[in-house]
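Undergrad: Sequence isn't available, so here's the structure alone:
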């Protein structure tokens, strides 16, 4: 569980009226309650339109995200999945009550040097 700004939302398949396409979201992480303490995280999910699977992330917006770690890439990036809009994931502006219950989180470590 973390707060972060979505810096990139990449559609991995065409976004059509009748689909919920897979997406890859890159986040600039601000605060972490559970999970890796990394400044940048990537999340694979679907662009939710009508189910309780995935989420409708928008580039440039800030979120409280609840997701599960699924893999570590060859580059050392943590990839997350299984986010659920019917759970705690929401825009940060709508997360006041949840954040109050959570209290203070931890600040992520700086990105590893390239």
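TA: That came in fine, so what should we check first? This structure is a prediction, so every number in the text was calculated from the model and none was measured. Numbers count the residues shown, from 1 in each chain.
Undergrad: the strands in this structure, which residues?
TA: For the chain, the strands defined by DSSP state E occupy 2-11, 22-32, 40-46, 62-65, 68-72, 78-81, 90-91.
Undergrad: okay, and the helix or strand of this structure with the least pLDDT?
TA: strand 78-81 (a mean of 67; mean pLDDT, DSSP states H and E).
Undergrad: With distance to residue 107 as new columns, can the strands of the chain be given to me in a markdown table?
TA: (Glycine included, C-beta is placed from N, CA and C.) Output for these, formatted as a markdown table (distance: least, Cβ to Cβ, whole Å):
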| stretch | distance to residue 107 |
| --- | --- |
| strand 2-11 | 11 |
| strand 22-32 | 6 |
| strand 40-46 | 13 |
| strand 62-65 | 15 |
| strand 68-72 | 19 |
| strand 78-81 | 16 |
| strand 90-91 | 21 |
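Undergrad: Looking at those strands, spot the one closest to residue 55.
TA: strand 40-46 (6.0 Å; Cβ to Cβ).
Undergrad: Out of the strands of the chain, which is the most enclosed?
TA: strand 62-65 (a mean of 22; mean count of other Cβ atoms under 10 Å).
Undergrad: what does that one rub up against?
TA: 1-6, 27, 30, 43, 57, 80, 83, 88-93, 95, 98-99 (Cβ atoms under 8 Å, 6 or more residues apart in numbering).
Undergrad: Likewise for stretch 48-61?
TA: Here stretch 48-61 has contacts from 5-9, 20, 23, 25, 43, 45-47, 63, 83-86, 89, 91, using Cβ under 8 Å, 6+ apart.
Undergrad: OK, contacts around the closest residue to residue 19 other than its chain neighbours?
TA: Closest residue to residue 19 apart from its sequence neighbours, by Cβ to Cβ, 6 or more residues apart in numbering: residue 13 at 7.2 Å. By Cβ under 8 Å, 6+ apart, the contact list for residue 13 reads 19, 21, 22.
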